[in-house]
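[1] Just need the structure, nothing else, for what follows:
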Amino acid sequence: MKVSKGNWVIISAVFVFLFFISFVFVYNDYIKVKQDEILTEKYKATTKEIRSDIAHFLEIKEKSTLAIALSLATDEKIRSFILKKKIPQGYYADLIHQYKANTLYQNIWIQIIDRDGISLYRSWTKAKGDDLSGSRAEISKMEKQHKASVAISVGSYDMSIKAMVPLFDHERFIGFIEIISHFNSIAKTFEKEEIDSVVLADKKYAKHLTHPFTKMFVDGYYIANLDAKKSLVKLLSDNKIETFFNKEYRIVDGYLIVAYPLKDTNEKTIGHYLAFKKLSNIESKDLQFFQFRWIVFTLLFFMAIAGVVNIVMYYNMRKQKKYYKNIIDSSSNMIIINNKKNIIDTNKVFFKYFSKYKSLDEFRDENTCVCNFFVDEEGYLSKGTVAYNWLEKVIDHPDEHYKVKMIIEEKIYYFLVNAAVIDREQNHYSVIFADITKEERYKEELEDITIRDSLTGLYNRRFYETQIDEEIYNAKRYEHALSVIMLDIDFFKKVNDEHGHSVGDEVLIYYANLVKESLREADKVCRVGGEEFVIILPYTTKDDAVKIAEKLRVLVEKSKKILPITMSFGVTEYIKGESEDFLYKRADEALYEAKNSGRNRVVVR
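    Model prediction:
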């Protein structure tokens, strides 16, 4: 039978339609499988990232807690308190208040324990006198090894991060100070990333928690963070908690749930950090791109049948450009597109930092490169001798982590820099600047805690021991003079006895800073004992150091602020080849002679 032209059109149309429908159904199944694969990979990657963040935040918390313990261990009064076995309950109240007001540490606890493991003082309760040796393995270990340590452990009050530093009286071990911090600051940090937290101590420790700080339990597990959401606690209770511990991750009630084991000093799991992230907050660019590619492919396929491929490609290119622009504009990071010669495009965040410019053209009129704002400083990426040298370095080493320090409109910013090829033929690159200013400043603050005396704000003995070694090395290498002044407040014990320790502290603070303000910027004043200080004077001869000491002596004697006091001074100059200890000893001997020969004088050794 002959088929008419009209029938052929109908048959062809039906065939094409059936083919298209079949193709859609088959490809739809493929899409679902592929989407599931992409989501699974994204969940695994997110899980790995969360685990890495937990480990990183725990490490920072442990180091900062230990830094606080090391700082407080320099307080000479504690040794006296331990020997007398009597510590004022409110001794650390102001310090704890300062931490609460100015840092993320809202619940710092301080405990003083004697050499036999007996608790002499707890800042959060008046309870004391109990023997902790039998209930906590790390305390027994400290009694034997006398070394600073930090670990996660469960006590009678909480599961927490505990840093312990031994205390000595004339090289005799007399006890140790313990700083206890909690997981709440880590949970607060995760909240900024839209991740909720529940920290659990293993149920076998429930009987040890005789005074639980949070008073919260779920199915026998103690909840160690105060801000755990009730809805998440109920979710755990409804889904058998143990099932979360042994899996890479679980998807429950719209959450990706990741468990990270918390271990003690013996690598024994004592609890778990559970992180909850809503699936709706997990972005999958791979999935978006896959879906986008499917839409484009389907659109192109349909339009090819219709015979309007050129029109489809035109609209597709416009859509891609808009999609690309929307993606970079939706990023919270500063993104720059360039070709190693000029900046081609930026996202909106760029003008958040360079707010003085109304457009990219205005910026390019005054600047050839964003690297013009880089600060050349050790540890940060520098501009280089040739334009865009820095970019080639980032591109050629994709596994390296590069940071830049920038001064933009008189403000200092820190960024983590990554770069990737967008179009190799046109030599287009995207450069992503992730703002890490808060993290860098927080890191600097933590480092400063370890080298500052908590009372006077001057450098402490730890800083002195590091700095004097560096100054001795420089003096030997560049053959310049180096002198040291050791000074002591005369009859300071009498000040404390007659006027009280609070007045004594005021005297220390005022006169310590009076001395500091009278010196050069290069000179370093360190508090190395109760009322004893050392001044490091680089590029200073012994004769000049004597003049400086005499000037300070007169200044202190005439001041008479708070209380009239005097100071004794011991001066010495570094002799090539001598050790730091011998230099310190000679300065100490000079000070001793000054005090024995009448005080309020300068003696040179």
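
[2] Name the nearest residue to Ile195, ignoring sequence neighbours.
    Residue nearest to Ile195 in three dimensions, not counting chain neighbours: Lys277, with 4.9 Å by C-beta to C-beta, 6 or more residues apart in numbering. All C-beta spots, glycine's among them, are computed from the backbone N, C-alpha and C.

[3] quick check, the one you found in a helix?
    No. Using DSSP: H, G, I helix; E, B strand; the rest coil, the secondary structure at Lys277 is strand, not a helix.

[4] Just give the number of residues close to Pro261.
    15 (other C-beta atoms under 10 Å).

[5] Could you confirm it falls within a strand?
    Yes. With three-state DSSP as the criterion, Pro261 is part of a strand.

[6] quick one: contacts for the closest residue in space to Glu400 that isn't next to it in sequence?
    Using C-beta to C-beta, 6+ apart and skipping residues adjacent in sequence, the residue nearest Glu400 is Val394, 7.8 Å away. By C-beta atoms under 8 Å, 6 or more residues apart in numbering, Val394 lies in contact with Leu381, Glu400, Tyr402, Val417, Asn418, Ala419, Val431.

[7] Report the secondary structure state of Val394.
    Using three-state DSSP, the structure places Val394 in helix.

[8] Look up how far Asn418 lies from it.
    Applying C-beta to C-beta, to the nearest Å, the value for Val394 to Asn418 is 7 Å.

[9] Quick check: neighbours shared by these two?
    Tyr402, Val431.

[10] Do you have the helices of the stretch 151-300 of the chain handy? List them.
    184-191, 230-238, 242-245, 285-306 (DSSP state H, counting those that start in this stretch).

[11] Mind telling me which of those the model trusts least?
    Lowest mean pLDDT within the helices of the stretch 151-300 of the chain: helix 285-306, at a mean of 63.

[12] mind listing what Asn427 touches?
    Counting by C-beta under 8 Å, 6+ apart, Asn427 makes contact with Asn339, Lys340.

[13] swap that for Lys542, sorry
    Per C-beta under 8 Å, 6+ apart, neighbours of Lys542: Ala481, Ser483, Val571, Thr572, Glu573, Val604.

[14] Using the three-state scheme, assign Ala587.
    Once three-state DSSP is applied, Ala587 turns out helix.

[15] in terms of contact, does it touch Thr572 like I think?
    Yes. The pair Ala587 / Thr572 is scored as a contact, 4.7 Å apart, by C-beta atoms under 8 Å.

[16] Overlap of the contact sets of those two?
    The contact lists of Ala587 and Thr572 share Val484, Arg605, where a contact means C-beta under 8 Å, 6+ apart.

[17] For the helix or strand that contains Glu447, give me every contacting residue.
    Element membership for Glu447, per DSSP states H and E: helix 437-449. Contacts to helix 437-449, defined as C-beta under 8 Å, 6+ apart, come from residues Ile60, Lys63, Ser64, Ala67, Ile68, Ser71, Thr103, Lys403, Ile412, Tyr413, Tyr414, Phe415.

[18] Kindly report the same for stretch 590-605.
    Contacts for stretch 590-605 (C-beta under 8 Å, 6+ apart): 486-488, 490-491, 532, 542, 546, 549-550, 553, 557, 566-572, 586-587, 589.

[19] Any idea how far apart the tips of it sit?
    One end of stretch 590-605 sits 6 Å from the other (C-alpha to C-alpha, to the nearest Å).

[20] Please work out the average pLDDT along that stretch.
    The average pLDDT within stretch 590-605 is 96.

[21] on that earlier part again, looking at the contacts of helix 437-449, which is nearest Asp196?
    Comparing the contacts of helix 437-449 against Asp196 with C-beta to C-beta picks out Ile60 as the nearest, at 19.8 Å.

[22] count of neighbours near the nearest residue to the closest one once chain neighbours are set aside?
    Once flanking residues are discounted, Ile60 sits nearest to Leu446: 7.7 Å by C-beta to C-beta, 6+ apart. By the criterion of other C-beta under 10 Å, Leu446 has 15 neighbours.

[23] gap between Leu446 and Ile327?
    From Leu446 to Ile327 the distance is 35 Å (C-beta to C-beta).

[24] wait, is Lys111 part of a helix?
    For the record, residue 111 is Gln, not Lys. No. Under three-state DSSP, Gln111 sits outside any helix and is assigned strand.

[25] Ends of stretch 569-587, what's the gap?
    9 Å.

[26] Now do that stretch, average pLDDT.
    For stretch 569-587, mean pLDDT is 96.

[27] Please apply the same query to stretch 358-377.
    Mean predicted confidence for stretch 358-377 is 90.

[28] Tell me which residues are up against it.
    Under the contact criterion C-beta under 8 Å, 6+ apart, stretch 358-377 has outside partners 336, 342-343, 345-346, 350, 354, 357, 380-384, 387-388, 390-391, 404-408, 412.

[29] Out of those, which sit inside helices?
    Using DSSP state H to define helices, the subset of the contacts of stretch 358-377 located there is Phe350, Trp390, Leu391.

[30] got those residues as a markdown table, with distance to Tyr442 columns?
    What follows is these, written out as a markdown table (distance: C-beta to C-beta, whole Å):
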| residue | distance to Tyr442 |
| --- | --- |
| Phe350 | 25 |
| Trp390 | 26 |
| Leu391 | 28 |
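
[31] Tabulate the residues you listed (a markdown table), appending distance to Asp453, neighbour count and pLDDT.
    Shown next, in a markdown table, are the ones in helices among the contacts of stretch 358-377 (distance: C-beta to C-beta, whole Å; neighbours: other C-beta atoms under 10 Å; pLDDT from 0 to 100):
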| residue | distance to Asp453 | neighbour count | pLDDT |
| --- | --- | --- | --- |
| Phe350 | 43 | 21 | 93 |
| Trp390 | 40 | 22 | 85 |
| Leu391 | 44 | 21 | 85 |
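
[32] which SS class is the closest residue to Tyr357 other than its chain neighbours?
    Closest residue to Tyr357 apart from its sequence neighbours, by C-beta to C-beta, 6+ apart: Phe363 at 4.4 Å. Here Phe363 is recorded as helix under three-state DSSP.

[33] quick one on the thing from earlier: tell me the most packed of the contacts of Lys542, by neighbour count.
    In terms of neighbours by other C-beta under 10 Å, the contacts of Lys542 top out with Val571 at 29 neighbours.
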